[in-house]
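Asks: 3D, please:
(one chain, ligands or ions: 1)
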Amino acid sequence: MSALFTTGRAFLSRAAKSAAFSRSLSGLPTYENIIVEKRGKNDSVGLIQLNRPKALNALCDALFDDVNDALDKLSEDKGVGCLVITGNEKAFAAGADIKEMQNKTFVDCASGNFLGHWGRVSKNRKPIIAAVNGFALGGGCELAMMCDIIYAGENAHFGQPEILLGTIPGAGGTQRLPRYVGKSLAMEMVLTGNRINAQTALSAGLVSKIFPTGRLVDEAIKTAETISQNSQLIVALAKESVNKAYETTLAEGNEFEKKIFHATFATADRKEGMTAFVEKRKADFKNN
Ligand SMILES: C=CC(=O)SCCNC(=O)CCNC(=O)[C@H](O)C(C)(C)COP(=O)(O)OP(=O)(O)OC[C@H]1O[C@@H](n2cnc3c(N)ncnc32)[C@H](O)[C@@H]1OP(=O)(O)O
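Replies: The predicted model follows:
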């Protein structure tokens with residue numbers, strides 16, 4: 001067992017203990033494949049930790065069902081303003097579960113819309129930060145890219161190695177990756193299966209910040225807490241507007257943004273934010 005793995009297990013067992021404690025306070029359900037907690041000031045951050053360490057958090061169907069259920073619960077929770085998804089220190093997630101899909105046929109995939117339920121992560125209205133330590137490969141890299149912000153630990157590695165398994169990415173790897181890191185690097189990653197490290201991911205634009213491995217999750221929670229202090233209503237509109245930039249032409253995107261900007265003037269939070277500035281006090285947003 002490597003020193004790194006020992007550290008990862010220690011991290012997990014600490015997280016598991018604190019999860020058990022906070023679950024009893026928060027009323028969040030327990031899951032087989034993930035640990036869910038509320039963290040940060042006023043429990044305003046929902047933390048989802050992928051928890052299949054023996055399989056390097058391979059994304060089996062049941063794990064994704066757990067993630068989707070937790071996202072639903074946290075999205076309904078008015079006290080939670082931002083979410084963080086993480087793994088452990090060895091792996092964020094090593095991809096879709098190869099053992100689970102090894103014997104699937106085309107008919108199984110097409111008729112069951114295999115991986116279709118993964119897309120719900122990117123449709124969530126609340127912002128999601130991926131805190132990536134260790135391997136983020138295949139579906140693991142795609143899961144990180146479905147989130148709104150990616151922070152990486154110094155030991156993070158990103159890759160789309162599906163080509164080595166005789167297949168291609170199936171949850172956005174050939175679509176999101178070129179938009180984030182450019183065509184040349186994305187093409188090289190997808191066609192060779194080679195991984196990039198955290199530093200390359202930072203300079204190419206896949207991640208916005210790198211932190212020491214042990215500090216990563218706390219830093220992601222800090223940012224999530226900052227986001228949670230803003231109006232949830234306006235945060236959701238801002239997220240929608242930034243995402244529009246990836247779905248439309250520049251002119252259409254600018255038009256959309258202007259309309260949403262005008263729409264914020266119909267909210268009490270916009271009035272409160274500007275009044276608080278003029279009165280030199282902190283805004284007290286009510287999410288309306
Ligand atoms: C959308 C499509 C996809 O995502 S396809 C999957 C893409 N991902 C991959 O191809 C990565 C596969 N994993 C690896 O290449 C390696 O595990 C590694 C480089 C991530 C780590 O290597 P290491 O030597 O450190 O660990 P092991 O290979 O011994 O793995 C430990 C344990 O985890 C199981 N495992 C790892 N990845 C997966 C996976 N994607 N699906 C299912 N299981 C996985 C691996 O089999 C080992 O378990 P064991 O019981 O010992 O067989």
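Asks: quick one: the helices in the stretch 51-200 of the chain?
Replies: For the stretch 51-200 of the chain, applying DSSP state H, counting those that start in this stretch gives helices covering 61-76, 98-101, 106-111, 120-123, 139-146, 176-181, 183-192, 198-204.
Asks: Direction included, what does the following helix or strand past the last one pair against?
Replies: Read it as helix 198-204. Next along the chain after helix 198-204, taking DSSP states H and E as the criterion, comes strand 209-211. In the sheet, strand 209-211 lines up against strand 149-153 (parallel) (DSSP bridges).
Asks: if we can go back for a sec, which of the helices of the stretch 51-200 of the chain has the highest mean neighbour count?
Replies: helix 139-146 (a mean of 28; mean count of other C-beta atoms under 10 Å). Glycine gets a C-beta too; all of them are placed from N, C-alpha and C.
Asks: and that one with helix 183-192, angle?
Replies: Here helix 139-146 runs at an angle of 160 degrees relative to helix 183-192 (axes from the mean of the first three to the mean of the last three C-alpha atoms, to 10 degrees).
Asks: what does the stretch 101-250 of the chain have sitting close to the ligand?
Replies: The stretch 101-250 of the chain comes close to the ligand at residues 135, 137-139, 161-162, 165, 169-171, as judged by C-beta under 6 Å from any ligand atom.
Asks: with these in mind, which one is nearest to the ligand?
Replies: Nearest to the ligand out of those is G138 (C-beta to the nearest ligand atom; 2.5 Å).
Asks: out of everything not next to it in sequence, what's closest to the closest one?
Replies: G95 (2.9 Å; C-beta to C-beta, 6 or more residues apart in numbering).
Asks: Which among the residues of the stretch 101-250 of the chain next to the ligand count as buried?
Replies: Neighbour counting with 16 or more other C-beta atoms under 10 Å marks 135, 137-139, 161-162, 169-171 as buried within those.
Asks: picking up where we left off before, report the two of the residues of the stretch 101-250 of the chain next to the ligand separated the most.
Replies: Farthest pair in those (C-beta to C-beta) is F135 and G170. Separation: 17.9 Å.
Asks: Wait, the residue nearest to G138 touches P161, no?
Replies: Yes: applying C-beta atoms under 8 Å, one finds G95 in contact with P161, separated by 7.4 Å.
Asks: shared neighbours of the two, anything?
Replies: 137-138 (C-beta atoms under 8 Å, 6 or more residues apart in numbering).
Asks: JSON lines for the residues of the stretch 101-250 of the chain next to the ligand, including pLDDT?
Replies: Shown next, in JSON lines, are those (pLDDT from 0 to 100):
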{"residue": "F135", "pLDDT": "98"}
{"residue": "L137", "pLDDT": "98"}
{"residue": "G138", "pLDDT": "98"}
{"residue": "G139", "pLDDT": "98"}
{"residue": "P161", "pLDDT": "98"}
{"residue": "E162", "pLDDT": "98"}
{"residue": "L165", "pLDDT": "98"}
{"residue": "P169", "pLDDT": "98"}
{"residue": "G170", "pLDDT": "97"}
{"residue": "A171", "pLDDT": "97"}
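Asks: where does the stretch 1-150 of the chain have low pLDDT?
Replies: Residues of the stretch 1-150 of the chain that meet the criterion pLDDT under 70 lie in 1-26.
Asks: what are the ranges of the strands in it?
Replies: Secondary structure of the stretch 1-150 of the chain by DSSP state E, counting those that start in this stretch: the strands cover 34-39, 45-50, 82-86, 91-93, 128-132, 135-137, 149-153.
Asks: Which residue is the nearest non-sequential neighbour of K104?
Replies: What sits nearest to K104 in space, not counting adjacent residues and going by C-beta to C-beta, 6+ apart, is F114, at 6.8 Å.
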